[in-house]
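Trainee: model this:
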Amino acid sequence: MNSVSDNLRLFEKKFSILQEISNALVVTDNLSAIANLMLDLAINYTRAEKGSLMLVNERDELYILAGRGIDLSLVRTYRAKIGEGIAGVVAMNRTPMLVEDLANEPRFKGLTRDRYRTNSFVSCPIISKNRLLGVLNINDKSDGASFNDDEFSLIKIIANQAAIALENAMLVSQLRFKAVELEGINRKLIESDVVKTEFITRVSHELRTPLNSIKGSVYYLQQSERLSRREQEEFYDIISGEADKLISIVENQLDFLRFEDETMLITKTVVSLREVLSEVCGSKSIKTLFARKGMTLKVEVGEGVSDVVGDRIRIVQFFLNILEGLSHFLERGDEVVISARENDQIHVSICLPRRLPDSITPYLFSSNHLFQTDVPDEKLKLYLARKVVDIHRWDLVAENTAAGLVVSLAIPKSTRQKVDAVVNTTIDMFLEFISDVLDVNMCSVMLCDDLTGDLMIKGSRGLDDLMVKQTRVRIGERIAGWVALEGEPLFIEDIEQDPRFGRKSVSQYNSKSLISLPLKVGGKVIGVLNLNNKRSANPFTGMDFDLAQAMSERVSHFMERLYAGDHQEDEFRQFISSFDSLINAEKKYHKKDSRFPYVAVGIAVKLGIGEEERRSILFASVLYDLGLVLLEESILNKKGKLLPAEQNTLKIHPYTTVGLLESFEFSEDIKRGILHHHERHDGTGYPDGLGGDNIPLLSRILSVVDAFCAMTSERSYRPLMETADALAEIRKNAGTLYDPQVVEALELVVSEMAK
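Mentor: The predicted model follows:
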């Protein structure tokens with residue numbers, strides 16, 4: 001009878017897990033949120049204290065996407081090769097593993113587990129469609145016992161369902177990336193139309209004068225029957241001279257069209273050759289072309305080939321154009337092989353099984369042949385491919401060999417180029433993020449030129465393109481140059497009254513106040529962050545200045561981390577991806593209560609907290625619940641009591657917030673403060689059940705201010721409370737939910753605000 005009862009309980013648990021997973025899939029499609037949900041399910045159903053959900057990166061290393069009971073710094077830095085350690089062995093063998101006592105497990109003889117309290121664990125691979133995605137690890141049951149077969153069965157179910165959910169989330173992420181890429185293509189098309197229009201306008205203007213002169217000279221030659229030989233020669237000289245001018249104008253304009261504006265339109269970022277070649281092979285045009293001619297395309301990318309720096313859209317265009325151009329000279333049954341390898345440079349070879357006519361190869365070396373009268377499509381395709389190489393300043397060689405044509409592309413390797421590409425890409429993201437958080441519509445980042453040391457605008461919002469291109473500021477000159485020279489942040493309340501820079505405010509600024517802050521790497525100023533024009537048209541405040549300083553510190557730290565080289569190859573694109581997720585989340589962030597930072601900082605002042613820590617509290621107060629936007633709004637706005645599955649979903653948002661800030665936030669104290677802001681003073685909160693002074697002070701402040709602002713704000717599921725009623729409710733729960741000292745400070749701050 002007990003066996004039947006036990007089986008029934010196990011069945012109910014399995015059914016409950018499947019229900020919770022199905023609920024989780026409809027409330028979020030964020031990879032981090034799903035990983036945290038799955039991990040919490042596994043820990044809750046096995047009553048474990050520690051666990052992790054690891055994913056596999058491009059270098060076949062396991063990294064921790066979600067962790068419980070593990071130090072945050074370890075979560076960020078942990079890497080393990082497939083085959084190394086317990087999780088690595090499980091990943092390599094692709095077999096779930098239950099170990100009741102590690103000391104008696106011969107496969108891991110001599111392995112120590114200093115971070116864990118018990119010797120029992122469960123580790124399951126996460127596999128989707130025969131592709132290893134990661135590993136789910138569960139450790140340390142709360143009662144100290146070993147994990148059993150029933151719990152092993154539950155973890156395997158969760159791992160299998162996690163594979164489906166994570167695969168879907170990855171597909172959604174790829175779709176979003178493609179959407180951004182498509183937006184970039186559309187932007188380039190628009191920019192290209194602008195360039196073409198400017199070109200036509202310039203050509204029209206510059207050709208009109210010599211053409212009119214030629215036309216006039218011809219007219220007089222035709223109309224005048226009695227012109228002397230000398231007079232005729234004068235008109236012939238005019239025609240010849242103007243014709244020379246025309247030739248020069250046309251050549252100059254073609255050079256302008258061919259190089260200058262193409263270079264201006266290039267957007268360099270970090271690009272994976274493996275992904276690009278996969279996309280090219282999967283493109284409909286290439287598949288159709290090769291199928292129609294009965295040819296095959298083979299791609300061989302060596303292990304560990306580095307990413308390259310370039311314009312991703314144009315690199316894809318290079319391969320598409322060169323394959324389409326060369327395919328004209330191939331025959332049915334031919335195979336084209338594209339291979340990539342790496343030594344001191346990255347080498348890409350495109351091998352054809354037959355030679356190319358000698359009349360065609362010049363199109364792969366020079367664009368001078370383009371303007372001949374008869375240029376068929378295949379030659380034009382090769383010219384366009386060559387142009388991409390020229391723009392990137394790569395080396396291209398095409399050689400007919402005994403085995404056929406070999407096109408060799410040499411791409412320089414440069415970590416500095418990659419860092420610069422990431423910096424250039426993320427600067428615009430930083431500015432978008434900062435402008436939203438600080439509510440400004442004009443800001444810029446200026447960086448020091450490597451050769452001259454002058455400050456140049458590398459990214460901006462709200463500035464005219466011509467100003468961005470033409471602005472150069474010497475160190476020590478003007479406001480930005482002064483900040484760069486002094487290395488100190490500057491807050492000007494009224495530019496017209498400041499004796500250092502006293503000058504009239506210009507029309508493009510909606511107020512006379514501004515903020516300018518140095519960006520430092522290794523203690524050396526490398527640039528300046530400038531902030532103007534609050535959207536409200538109000539002057540900047542001291543709190544704006546403090547928040548701006550917190551932002552500039554994080555921009556500086558991010559750049560220092562990049563230039564220091566303490567990052568892995570695949571992290572470059574992860575930086576960009578994580579920033580994109582952060583910006584998208586911030587745009588949808590609904591908890592922008594203007595009172596929150598004032599109350600939080602006010603409490604910090606009452607508690608005697610120092611200036612630097614107050615600035616951290618201010619920064620955390622505007623972002624602490626950012627992870628909520630990754631969850632379905634139906635949960636956030638639900639009227640009535642949440643279901644258990646919905647409550648579990650809601651409880652992961654501190655982890656998703658920390659995940660969003662991971663590449664941006666350098667302070668472990670701020671991360672811990674955000675992570676634990678739902679802990680309760682009596683130890684009954686989440687995620688770790690901390691109590692009293694074990695809860696970070698930042699968390700205790702955020703908890704009280706969050707409760708006060710929520711109670712005194714209108715919600716879809718309840719009316720707002722009067723300030724006095726809210727304070728009474730919070731006071732009643734002081735010592736159980738809230739820190740009594742923080743509650744007392746809140747009352748003082750609210751009292752002062754009411755005066």
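Trainee: the helix or strand hosting residue 140 - what's its average pLDDT?
Mentor: For residue 140, the element it lies in under DSSP states H and E is strand 131-141. Mean per-residue pLDDT for strand 131-141: 93.
Trainee: direction included, what does that strand pair against?
Mentor: Looking at strand 131-141 with DSSP bridges, its partner strands are strand 48-56 (antiparallel), strand 121-128 (antiparallel).
Trainee: show me which residues of it are buried.
Mentor: By 16 or more other CB atoms under 10 Å, the buried positions in strand 131-141 come out as 132-141. (Each C-beta comes from the backbone N, C-alpha and C, glycine too.)
Trainee: same question for stretch 94-109.
Mentor: Applying a neighbour-count criterion of 16+ other CB under 10 Å, one finds 96-100, 102 buried in stretch 94-109.
Trainee: dump the residues you listed into CSV; add pLDDT as well.
Mentor: Below are the buried residues of stretch 94-109 laid out as CSV (pLDDT from 0 to 100):
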residue, pLDDT
96, 94
97, 92
98, 92
99, 90
100, 88
102, 82
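Trainee: nearest to residue 205, of these?
Mentor: Of all the buried residues of stretch 94-109, residue 96 has the smallest distance to residue 205: 73.4 Å, by CB to CB.
Trainee: which residues touch that closest one?
Mentor: Neighbouring residues of residue 96 by CB atoms under 8 Å, 6 or more residues apart in numbering: 90, 122-125, 152, 155-156, 159.
Trainee: change it to 6 Å
Mentor: Applying CB atoms under 6 Å, 6 or more residues apart in numbering, we find residue 96 in contact with 124, 156.
Trainee: where does the stretch 401-550 of the chain dip in pLDDT?
Mentor: Along the stretch 401-550 of the chain, the parts satisfying pLDDT under 70 run over 499, 501-510.
Trainee: cutoff 80 now
Mentor: Residue ranges of the stretch 401-550 of the chain with pLDDT under 80: 414-419, 422, 465-466, 494-511.
Trainee: repeat for the stretch 601-750 of the chain
Mentor: Using pLDDT under 80, the stretch 601-750 of the chain drops low at 629-649, 662-664, 714-719.
Trainee: run the last query once more with 70
Mentor: Flagging of the stretch 601-750 of the chain using pLDDT under 70 yields the residue ranges 632-634, 636-639, 716-718.
Trainee: specify which member of the buried residues of stretch 94-109 is nearest to residue 147.
Mentor: Nearest to residue 147, judged by CB to CB, of these is residue 98 at 6.0 Å.
Trainee: and that closest one, backbone torsions?
Mentor: phi -110, psi 120 (degrees, to the nearest 10).
Trainee: now name the helix or strand holding the residue nearest to it when sequence neighbours are not counted.
Mentor: In space, and not counting its chain neighbours, residue 98 is closest to residue 152: 4.2 Å by CB to CB, 6 or more residues apart in numbering. For residue 152, the host element (DSSP H and E) is helix 149-223.
Trainee: could you give the angle of the next helix or strand after that helix to helix 149-223?
Mentor: Once the chain leaves helix 149-223, the next helix or strand it forms, by DSSP H and E, is helix 229-255. Helix 229-255 runs at 180 degrees relative to helix 149-223, counting by axes from the mean of the first three to the mean of the last three CA atoms, to 10 degrees.
Trainee: in helix 229-255, what counts as buried?
Mentor: For helix 229-255, a neighbour-count test (16+ other CB under 10 Å) marks 235, 238-239, 242, 245-246, 249, 253 as buried.
Trainee: list of residues touching the helix or strand hosting residue 599?
Mentor: Using DSSP H and E, the element containing residue 599 is helix 595-606. With CB under 6 Å, 6+ apart as the test, helix 595-606 has contacts from 614, 617-618, 621-622, 701, 705, 709, 745-746, 748-749.
Trainee: give me the low-pLDDT residue ranges for the stretch 251-400 of the chain?
Mentor: When residues are selected by pLDDT under 70, those of the stretch 251-400 of the chain lie in 252-265, 361-376.
Trainee: tell me the one of the contacts of helix 595-606 nearest residue 116?
Mentor: Using CB to CB, residue 701 comes nearest to residue 116 of the contacts of helix 595-606, at 32.9 Å.
Trainee: what about residue 692, neighbour count?
Mentor: For residue 692, the tally of surrounding residues (other CB atoms under 10 Å) stands at 13.
Trainee: what's the distance between it and residue 745?
Mentor: Counting by CB to CB, to the nearest Å, the gap from residue 692 to residue 745 is 17 Å.
Trainee: save the buried residues of helix 229-255 as TSV, and put in distance to residue 678 too.
Mentor: Below are the buried residues of helix 229-255 laid out as TSV (distance: CB to CB, whole Å):
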residue	distance to residue 678
235	90
238	85
239	85
242	80
245	76
246	75
249	70
253	64
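Trainee: tell me which of these has the lowest pLDDT.
Mentor: residue 253 (65).
Trainee: give me the distance between the most far-flung residue of the chain relative to its centre and residue 215.
Mentor: Relative to the mean C-alpha coordinate of the chain, counting by CA atoms, centre = their mean, the farthest residue is residue 226 (76.6 Å). Applying CB to CB, the value for residue 226 to residue 215 is 21 Å.
Trainee: thank you kindly, that will do.
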